[in-house]
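*Asks:* coords please:
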Amino acid sequence: MKRSEKIIVDLKTKNYDEIRLKQLDTTELEFKILDNSIDVDLSSITSADIVFSRPDKTIVIQECTIDSENNTIKVVLLENCLRVYGKAKIEVELKENTEVVSTFYINVFIERTSKEDVTAENAQTYIERLENIISELETEAEQLLTDIENEADEKIEDIETRYTTLTNTINTLVANYQELVEYVEEITDSVGTIVDSQMNDYLLKRVDVSTVTIPANTTITNGYEITLPIQYQVGNNSLELRLNSEVLKLATDTTDGHYKEVRNCRNTK
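*Replies:* Got it, this is the predicted structure:
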């Protein structure tokens, strides 16, 4: 159960009848707001507060509930508003975004209660509210700064990782290139050696062939020796010996032929 008071306030009115409340009672206030006797449209109001000035000059600010459908503002007073008996004042403050408008003070008289062991104050004064707002802003700023630092650290770490990966890739490519160069050099050397060897073999094997024709009227018998009218190297197939237009075959130890070379000299028979 609670005490309920309905109050009509006009933004143009300065004087109101005094409201009488009871110390520490649960009290709900319902305000009907007018502007020069015309209802104020509360649909665009973003917030509403009451500013309660206690008999001991302590100021308590309390947020209200806006009932746009019924065009009223309601608030259940904090116990701290009614903690001290005596003469008090109330004003209603309306905010529409950054614009603020408030009523003139309404006089209140708080009747004394016989309750004992009144509890400690638990509501915020102007200074306490401001300190809490500052504290909340500081906390939000610290969290924002932490988030920014964490994000920056993550980006730096990502860049460092990508740089390390790129460096490793470049080093690998350089190593592979060096290996390829060494391999090509080895292949080049091998090819050069093979070419040089084959060229030497070719040069060694390349000889000028001398052709000698035995006169047709020459009587040749087995074991007959003749002296050739030329000079050539024995054993390198540089001689082509003909008889009656037939090329004679050189005999070796393993094959039969028509003739053998019997002297290793410049004048070979």
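*Asks:* Only C-alpha atoms, please: export the strand ranked longest in the chain in CSV.
*Replies:* The residue-count maximum for a strand in the chain (DSSP state E) belongs to strand 86-96. What follows is strand 86-96 as a C-alpha-only set of coordinates in CSV (Å, rounded to 0.1, in the frame of the first residue of the first chain):
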residue,chain,number,x,y,z
GLY,A,86,9.6,20.0,7.6
LYS,A,87,9.2,22.3,4.7
ALA,A,88,10.4,21.0,1.3
LYS,A,89,10.0,21.9,-2.4
ILE,A,90,9.5,19.9,-5.6
GLU,A,91,10.0,20.9,-9.3
VAL,A,92,9.4,18.8,-12.4
GLU,A,93,12.1,18.9,-15.1
LEU,A,94,11.3,17.8,-18.7
LYS,A,95,14.0,17.0,-21.3
GLU,A,96,13.6,16.8,-25.0
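*Asks:* please begin residue numbering at 33 from this point
*Replies:* Happy to do that; since the first residue is 33 now, the last one works out to strand 118-128.
*Asks:* need the strands for the stretch 83-232 of the chain, in chain order.
*Replies:* With DSSP state E, counting those that start in this stretch as the criterion, the stretch 83-232 of the chain has strands at 91-95, 97-99, 104-108, 118-128, 131-134, 138-143.
*Asks:* Between those, which one is closest to residue 54.
*Replies:* With C-beta to C-beta as the criterion, residue 54 lies closest to strand 138-143 of the strands of the stretch 83-232 of the chain, at 5.1 Å. C-beta coordinates here come from the backbone N, C-alpha and C atoms, glycine included.
*Asks:* any idea which of the strands of the stretch 83-232 of the chain is most buried?
*Replies:* For those, average neighbour numbers computed from mean count of other C-beta atoms under 10 Å are highest in strand 104-108, which has a mean of 19.
*Asks:* in its sheet, what does it sit against?
*Replies:* Here strand 104-108 has these sheet partners by DSSP bridges: strand 59-67 (antiparallel), strand 97-99 (antiparallel).
*Asks:* now what about the longest one, what contacts it?
*Replies:* For strand 59-67, the external contacting residues (C-beta atoms under 8 Å, 6 or more residues apart in numbering) are 34-44, 53, 71-72, 74, 82, 96, 103-109, 114, 122, 124, 126, 135.
*Asks:* picking that back up, can you redo the strands of the stretch 83-232 of the chain as TSV with mean pLDDT and distance to residue 271?
*Replies:* Listed next are the strands of the stretch 83-232 of the chain as TSV, based on pLDDT from 0 to 100; distance: least, C-beta to C-beta, whole Å:
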stretch	mean pLDDT	distance to residue 271
strand 91-95	94	129
strand 97-99	92	130
strand 104-108	93	136
strand 118-128	94	127
strand 131-134	92	127
strand 138-143	93	146
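*Asks:* Against which helices or strands is the longest strand of the chain packed?
*Replies:* Contact partners of strand 118-128 among helices and strands, from 3 or more C-beta pairs under 8 Å, 6 or more residues apart in numbering; DSSP states H and E: strand 59-67, strand 79-85, strand 131-134, strand 138-143.
*Asks:* neighbouring strands for the last one, and are they parallel or not?
*Replies:* What that stands for is strand 138-143. Checking strand 138-143 against DSSP bridges gives partners strand 51-54 (parallel), strand 118-128 (antiparallel).
*Asks:* Show me the one of the ones you listed that comes nearest residue 218.
*Replies:* Of all those, it is strand 118-128 that lies closest to residue 218, at 86.7 Å by C-beta to C-beta.
*Asks:* Give me the contacts around the closest one.
*Replies:* With contacts defined as C-beta under 8 Å, 6+ apart, strand 118-128 is touched by 41, 51, 61, 63, 65, 72, 74, 76-88, 96, 105, 113, 132-142.
*Asks:* Now, of the residues you listed, which are buried?
*Replies:* In the contacts of strand 118-128, burial by neighbour count holds for 41, 51, 61, 63, 65, 72, 74, 77, 80-87, 96, 105, 113, 134-135, 138, 140, 142, counting by 16 or more other C-beta atoms under 10 Å.
*Asks:* angle of the longest strand of the chain against strand 91-95?
*Replies:* Put simply, strand 118-128 runs at 40 degrees to strand 91-95, going by axes from the mean of the first three to the mean of the last three C-alpha atoms, to 10 degrees.
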